[in-house]
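[1] Whatever this is, show me its structure:
(3 chains)
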Amino acid sequence: MSDVVVYSIVSLSVLGTLAAIILYIIAQKFKVYEDPRIDKVQEALPGANCGGCGMPGCRPFAEELVKADDISELNCPVADNEAMGEIAKILGKELGEKTPLVAVVKCNGSPEHRPKTSHYEGASECRIATELYRGESDCPYGCLGLGECERACKFDAIHINKETGLPVVTDEKCTACNACVVACPRDIIELRKKNKKDRKVYVSCINEDKGGIARKSCKVACIGCGKCVEVCQFDAITLENNLAYIDSYKCTLCRKCPPVCPTNAILEENFPPRKEKKKAGDSAANKS
Amino acid sequence: MSKLLTVSPSPHTFGGDNVKKLMYGVILALLPALAVSVYFFGIGALVVTAVSIISCIGFEYLIQKFLMKTEPTISDGSAAVTGLLLAFNLPSNLPVWIIIIGALVSIGVGKMSFGGLGNNPFNPALVGRVFMLISFPVQMTSWPEPVAARTQYTDAVTGATPLDVMKEGIADGVPVSQLMGEVPGYLDLFIGRMGGCIGEISAAALILGGIYLLVRKIISWHIPVSIIATIAVFTGILWGANPEANADPVFHILTGGILLGAIFMATDYATSPMTAKGMWIYGVGIGIITVTIRVWGAYPEGMSFAILIMNAFVPVINKYVKPKRFGEEIKNG
Amino acid sequence: MLKTFPKGGVHPAENKVTASKPIETLPVPKTVSIPVAQHLGAPSTPEVKKGDTVKAGQLIAKSSAFVSTNIHSSVSGKVLKVDKVTDTSGYRQTAVVIQVEGDEWDESIDTGKELKKDTGLTGEEIRNKTLEAGIVGLGGATFPSHIKLSVPKGKKAEVLIINGAECEPYLTADHRLMLEKGEELMVGIRLLMKALDVEKAMIGIENNKPDAIEHLSSLAGKYKGVSVHPLKVMYPQGAEKQLIKALINREVPSGGLPIDVGTVVHNVGTAVAVYEAVQKNKPLIERVVTVSGESLKNPGNFMVRIGTPVSELIEAAGGLPDDTGKIISGGPMMGKALNSLEVPIAKGTSGILVFPENKAKRDKPQNCIRCAKCVSICPMGLEPYLLRSASEREMWEMVENERVMDCMECGSCSYICPSRLPLLDYIRLGKSTVSKIIRSRKQ
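    Numbering: from 1, shown residues only, chains lettered A, B, ... in the order given. Got it, this is the predicted structure:
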C-alpha cells in the first residue's frame, strides 16, 4: 500500500516538473515583446470594453494610445479627466480637450401625444420594425419603443419608460459612449454637450414631414414654423427640412425658445421652475 | 372597427406543430414500450417510471423557479420526456432514492446547467443514466427476470440479460451456437421477453413508436436508419468472419438498447446534427462505437456511451457539414 | 410523378375558397391614389400636376432609370394632388391622387372584347410596348417586365416559363385569369416567345387547379410550342428558381438570374397584360385581386383599377368583419400586413386577405430546440436557425458566408418552426444589413 503512495507521488512529481520545464522553454522561445506601458494604460482605462472610442475594446485602445504620437484625438468617452490625465502621465503625452457629452432622446411621442394607429407583432427589435413599416403610430420618424438602445447600453443608463414607451437617459450614468446612438435605427438619440446641473434645451423631435402631416401624427412634433429661430439671439437654432435643430455648443440655455414653440416640441430640463410663465413669454416677445 | 390592425412581418400563417405537441408525440410513441414493460416487469416498471417522471418535472420546476428565476416551462413536456427516457434506461428494481439522484443529474447537470431546453449538448437522460451506471454499478446491472418479477419491486428475482450471457460466454470461449441456446429465441427478443432496462426490451413496441414518430414527422429517418444499418453491417462482417465468436446482427439489433437508442435517444433534437448529411455521420459513428464497445469493450452494452460520445461531435458536425445549397453547383440537365 | 423542386418546401392549408368565384369588375372608385413606386427599381417621375385632367390610360409618371417603368392613370378625372400617401410599404410615398370624373379612356386603347391573335410587330417592338404600357411582374415581385424580355448579350433564352403555380394559400387571382382569359393568355405567351425569340414555352400549374390545367391544355394544342405541366402542390412551387428546377431541372446559380440557365419566367397575369398592351394598346391600369378571409361575407376575385383604396375592395367583399385583426396585401406566406385601410392597390397586389384577430396574433417564441425542421424545409438549402442566431448577434460576416443573400424570404422556416421563433424576421434583417455591407464594399 505504502509503495503505491510513494510511486504515485514520485511519478506525479516527475511528470509535473517535466511539464513545467517544457512550458518554461516554450514560454521563453515564443516570447513576444510587448510594451509594458500597454498594460499600465489598460489598467488605467475603465475596462468597460464598450467600443465608444471606436476600437473593439480597451486593450486595442491602449495599444493605440501607446503607439500614437499625438493622443489629443484619441478619447475614451467613459474615462473621466482624472483617468485620462493619469494615462497622459504614463505616456508623457499631451491630452486633448474633452467636452463632456450626454445622450439625449429626441422624441417625445408618448401614446398620449402620438396616438397608436396599429399594433406591431414581430421580433421585438427596432431594426426589424423600422424595415417593416413606419411603426405603431403615424410618425415615420419617431421612436419605436422596442428598446434597441436599452439593450445596447452597457452602463444601465437608458431605459424604456413603460408608461410613455420612450427611452429615458439617466444622465449620471451616461458615459456618452455612443452605443445607443449607433443602435437606434431611426437616429433619434444624439450626443449633446453636457451642461451644468444637467440642464438642457433641445428640440425633442426629428420629424421632417411638412407641418400639417407632422402635427397630425403627433401633437408635440416640430412643425418647422421657425418661431424659435427668430427668437434665438445666438444663431444656435437652424431650420432644415421642416425641422428645427438647436446646436448644443452654441446654445446658452437662455430659455427663450421653449415658450414660443406652438407644439411644445422644445423641451427644457433640470431648470428651476420659471418665476412667472407669462412674464418670460412677454420678455421673449419684446426682444424679438 | 374598434381595435387596431396588427402589423407583423410575413409569414402570417403557421404550421400546426409546436414544442408541446412534439414532446407529447414522443411520449405517446413511448407508451407501447411502457405497456410491454409493465406486462413483463409489473409494478416495478410502473414505480420506476412514475418516480423518474415526477422527479424530473419537479427538479425542472424548482431549478427554473428558484435558481434561474425564470417562468417554469414544465408544461412543454420536455422534462416529462427526459423522465420517461431516463426510466426506460433503468432496471425495474432500482430503489427510489437512486432514481431521484439520477433525475437530479439528468435535469440539473444534463439540461439546466447549459441553459435548459435546446441548449444542452448531451442527452440529459443519458447523462443521468451513465452517472448512475458508474456510481451504482451493482444496482444498475441487476436485471429482474421478465414475468417472474411482476409483483415484486426491489426484491425482484434477477437474472442476466442476453447481452451479459453472450459477452461472458464469448469471453470464456464458449461457442456462440451454444450460447444462442441459453438466451431467449428471436421471437421472444422481438416481443421483449428478456431481462433488461424498462424501455429497451420490446423491439416490436419501439418500432411501432418509431413508425408513429416518422409518420407525424417528429423525427426524420436518417438517424435511426443509419445507426441500425451501421450496426447490421459491422456485426454482419464480424459474424461472417467468425460465426462462433460473434453473435449475428439480428441478435445485436434486437437486444440491449439499440432500438431505444436509435429511435428515441439519438434523435433527441438538441443533441443531434441539423443536416441530413450530418445525421448520417452521427448515426454511423454511433453504430461503430456501440459495436466496438459491445465486442471489445468492458461493458456488454455501449449504446449510451456511443450516443454521448457522438453528442460531443455534434457541434463540429454542424459547423462543417452544410446542406447542399440551391444553385451551388450549376447542373444543366 | 408530378414535377416539383427537389428540396424542402412546406404545405400550408390551401384555403382557396374563392377558386370558383368568377372575376367581378369593381366599380370605379371616387378617388384613386397611384403611387409612383409600384415596381422594383427607381420610382417613376410624375408627369402631371395638381389640377390637370387625365384620361384612363394616360401616362402620369415616366420611367426614370433602366430599372423603372411607366405609370398610367387608371381612371379619368382631375389630379387632386401629387403628394405622399401611405402605401403597401407602410411608409408615405409619393403618389398621384386623382378625383374620378366619368370613365373616359384614352382614344388609342382598343376596349373591344374580341380576341386579336395575330401581330405584325417585331420582338423589339413588343419589348418597347411592354415598357410603354408599364408592365411589371404581376406575381408580386413587380420587376419591370421589359428588362426580363431583353436578353443580355452573350446569353440565349431557350425556353419561356409561365408561372401559373399560385402556391400561396388563399390566392386565386391567377387561377381565375387562366380559366377566364385562357385565349388571351396564350396569345400573350406567343408574344413573349416572339420577344424572347424562343420556340418553347412551358406553363407550370399546381395540381390543385385541375380545371385550369385542363382548360389550358385544350387550348395549348392551337398554339405552337406551348405546353402545360401540372406541378405537385408544395409551397414555394411558384418561386422563380424552384419553378425552373421543377420544370426543366436546371439550377439558377447563386446570385444569378434565370437567363443564366437559358430561361425567362413570367407570371400568367403578366402574359395577359402583355397581350392587352400589345394587341389592345392598353397599359397596365387594372388587375385581378383576390379578396379572401374566413369571416368575409362575400370573398371573391375582383378586377380592380390600380390605385383603388383597399377599403373599397373590402366593402365589395361584404364589408369589414368585426373580428378583423390583420389585413394582408398578398398571400399569407409572403404578403405584407397593412397598417391602414386607405392603402391603394398597386400593380403587385395579388390579394387582400382579412384575418380575424385570433389568426393575427403570433404565439410567444420559445427556445430553439434545434429540431432541424427549418433546415430540412428550406428550399434554398440554407440553415435558418443559424442565420437567425448570427443575425441576432450581429455576426454579419458569418451571416454573409452562410449565404443569406440566397434567401428569397418565402417564410417556410418561420411557418414550420415549432418554437415559433421569428426566424425570417431576423434573416431579413441579416439580408438587408449584408446587402448594405456588400454595396459599401463595392464603392
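[2] those helices in the chain, which residues are they?
    All of this is about chain A. With DSSP state H as the criterion, chain A has helices at A:2-29, A:36-44, A:58-67, A:81-91, A:126-132, A:148-152, A:179-183, A:211-217, A:227-231, A:257-260, A:277-287.
[3] Chain C was what I was after
    For chain C, the helices defined by DSSP H occupy C:123-132, C:145-149, C:173-180, C:182-196, C:210-220, C:240-248, C:268-279, C:310-316, C:357-360, C:373-377, C:384-392, C:396-401, C:412-416, C:423-442.
[4] closest to residue B:72 out of the ones you listed?
    helix C:384-392 (24.2 Å; CB to CB). Every residue, glycine included, has its C-beta placed from N, CA and C.
[5] Can you name the residues of the stretch 101-250 of chain A sitting close to chain C?
    Applying CB under 8 Å from any CB of the partner chain, one finds that the stretch 101-250 of chain A approaches chain C through A:117-118, A:121-123, A:125, A:127-128, A:131-134, A:140, A:209, A:213.
[6] Identify whichever of the helices of chain A lies nearest to residue C:227.
    helix A:126-132 (40.5 Å).
[7] elements contacting the closest one?
    In terms of contacts (3 or more CB pairs under 8 Å, 6 or more residues apart in numbering or on different chains; DSSP states H and E), helix A:126-132 is packed against helix C:423-442.
[8] Redo the helices of chain A as TSV? Include mean pLDDT, mean neighbour count and distance to residue C:10.
    Converted to TSV, the helices of chain A look like this (pLDDT from 0 to 100; neighbours: other CB atoms under 10 Å in any protein chain shown; distance: least, CB to CB, whole Å):
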stretch	mean pLDDT	mean neighbour count	distance to residue C:10
helix A:2-29	93	9	55
helix A:36-44	87	16	52
helix A:58-67	87	19	46
helix A:81-91	82	16	57
helix A:126-132	91	22	22
helix A:148-152	92	20	31
helix A:179-183	91	20	34
helix A:211-217	90	18	39
helix A:227-231	93	19	56
helix A:257-260	93	21	57
helix A:277-287	45	12	63
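[9] who in the stretch 1-150 of chain C is up against chain A?
    Near chain A, when you scan the stretch 1-150 of chain C using CB under 8 Å from any CB, you find C:84, C:86, C:89-92.
[10] One more: the stretch 251-400 of chain C?
    Applying CB under 8 Å from any CB, we find that the stretch 251-400 of chain C lies next to chain A at C:337, C:339-340, C:360-362.
[11] out of these, which touch chain B?
    With the criterion set as CB under 8 Å from any CB, the members of those near chain B are C:337, C:339-340, C:360-362.
[12] Can you tell me which of those residues are buried?
    Among those, the ones that count as buried by 16 or more other CB atoms under 10 Å in any protein chain shown are C:337, C:339-340, C:360, C:362.
[13] So which of these are in strands?
    Counting by DSSP state E, the part of those found in strands is residue C:337.
[14] Need the buried ones among the ones next to chain B among the residues of the stretch 251-400 of chain C next to chain A in TSV (columns: pLDDT).
    Shown next, in TSV, are these (pLDDT from 0 to 100):
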residue	pLDDT
C:337	93
C:339	90
C:340	89
C:360	86
C:362	89
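[15] Identify the farthest-apart pair in the buried ones among the ones next to chain B among the residues of the stretch 251-400 of chain C next to chain A.
    C:340 and C:362 (20.7 Å).
[16] Name the nearest residue to the residue of the stretch 1-150 of chain A found nearest chain C, sequence neighbours excluded.
    When distances are taken as CB to the nearest CB, the stretch 1-150 of chain A reaches nearest to chain C at residue A:133, 2.3 Å away. Using CB to CB, 6 or more residues apart in numbering or on different chains and skipping the chain neighbours, the partner closest in space to residue A:133 is residue C:90 (2.3 Å).
[17] Contact partners for the one you found?
    A:132-134, B:7, C:336, C:338-339 (CB atoms under 8 Å, 6 or more residues apart in numbering or on different chains).
[18] hmm, which two among those residues are most spread apart?
    Farthest pair in these (CB to CB) is A:134 and C:336. Separation: 12.7 Å.
[19] returning to that earlier point: pick the one among the residues of the stretch 251-400 of chain C next to chain A closest to residue C:164.
    Closest to residue C:164 out of those is residue C:337 (26.4 Å), distances taken as CB to CB.
[20] circling back: ok, of the helices of chain C, where does mean pLDDT dip lowest?
    Per-stretch mean pLDDT for these is lowest at helix C:357-360 (a mean of 87).
[21] Report the beta-bridge partner residues of residue A:201.
    For residue A:201, the beta-bridge partners under DSSP bridges are residue A:268.
[22] burial count for it?
    When counting by other CB atoms under 10 Å in any protein chain shown, one arrives at 24 neighbours for residue A:201.
[23] got a list of what whichever residue of the stretch 251-400 of chain C sits closest to chain A touches?
    Distances between the stretch 251-400 of chain C and chain A by CB to the nearest CB are smallest at residue C:339, namely 4.0 Å. By CB under 8 Å, 6+ apart, residue C:339 lies in contact with A:117-118, A:133-134, B:5, B:7, C:86, C:90.
[24] thinking again about what came up before, include distance to residue C:187 when you put the contacts of residue C:90 into CSV, please.
    As requested, the contacts of residue C:90 are exported to CSV (distance: CB to CB, whole Å):
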residue, distance to residue C:187
A:132, 40
A:133, 40
A:134, 43
B:7, 41
C:336, 32
C:338, 35
C:339, 40
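[25] and the residues you listed, which are buried?
    A:132-134, B:7, C:336, C:338-339.
[26] Looking at those, which one is closest to residue C:75?
    Among the buried ones among the contacts of residue C:90, and counting by CB to CB, the member closest to residue C:75 is residue C:338, at 21.7 Å.
[27] which ones are touching that closest one?
    Counted by CB under 8 Å, 6+ apart, residue C:338 has contacts B:5, B:7, C:88, C:90, C:310, C:327-329.
[28] for the residue of the stretch 1-150 of chain A closest to chain C, what are its contacts?
    A:118, B:7, C:89-91, C:337, C:339.
[29] Chain B versus residue A:18, what's the distance?
    According to CB to the nearest CB, to the nearest Å, residue A:18 and chain B sit 29 Å apart.
[30] ok, residues contacting stretch A:148-156?
    Here stretch A:148-156 makes contact (CB under 8 Å, 6+ apart) with A:48-50, A:78, A:105, A:125-127, A:158-160, A:167, A:170, A:173-175, A:177, A:179-180, A:182-185, A:189.
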